[in-house]
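# Build me a structure from this.
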Amino acid sequence: MDTWCILSTRIDVKAGILLHRKVSQPVQVGEVLATVFSDFDETVMAAAATRILEAFTIRAEAVEAPQLIGHILVNGTTMAWSQYLDIQHR
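Purely as a prediction, here's the structure:
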């Protein structure tokens, strides 16, 4: 049975990922990028670790952190996040 089929049929409610770095933060060779928590067996954890590692892209040049919030809802009206921040910092 495929490891990810097992994950879809059993849920580990204590599972989680702690990310030690954010986009645009520098990393060093050998540095831990994430910690995975779960009660699943070693085989499932190894497969999860592989997929998580594939989610990272490490580059030699610096990258700018993406804007994570585009718009928000304020008093029933959609407002650009940048506009909201401008108002808050006045």
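# how close does the spatially most central residue of the chain sit to residue 11?
Centroid-nearest residue in the chain, with CA atoms, centre = their mean: residue 19, separated by 6.7 Å. Using CB to CB, to the nearest Å, residue 19 is found at 21 Å from residue 11. (C-beta placed from N, C-alpha, C; glycine too.)
# residue ranges for the helices of the protein, please.
Listed from the start of the chain, the chain has helices (DSSP state H) covering 3-9, 42-54, 81-88.
# Same list (the ones you listed) but as JSON lines, adding mean neighbour count, distance to residue 69 and mean pLDDT.
Below are the helices of the chain laid out as JSON lines (neighbours: other CB atoms under 10 Å; distance: least, CB to CB, whole Å; pLDDT from 0 to 100):
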{"stretch": "helix 3-9", "mean neighbour count": "12", "distance to residue 69": "29", "mean pLDDT": "56"}
{"stretch": "helix 42-54", "mean neighbour count": "12", "distance to residue 69": "24", "mean pLDDT": "88"}
{"stretch": "helix 81-88", "mean neighbour count": "11", "distance to residue 69": "4", "mean pLDDT": "88"}
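# Save those as a markdown table, and put in distance to residue 62 too.
What follows is the helices of the chain, written out as a markdown table (distance: least, CB to CB, whole Å):
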| stretch | distance to residue 62 |
| --- | --- |
| helix 3-9 | 34 |
| helix 42-54 | 21 |
| helix 81-88 | 22 |
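# Nearest approach to residue 67 belongs to which of those helices?
helix 81-88 (6.9 Å; CB to CB).
# what does that closest one rub up against?
67, 69, 70, 71, 72, 74 (CB atoms under 8 Å, 6 or more residues apart in numbering).
# can you count the residues close to the closest residue to residue 15 other than its chain neighbours?
Excluding the flanking residues, the one nearest residue 15 by CB to CB, 6 or more residues apart in numbering is residue 38, at 4.2 Å. By the measure other CB atoms under 10 Å, the count of residues near residue 38 is 14.
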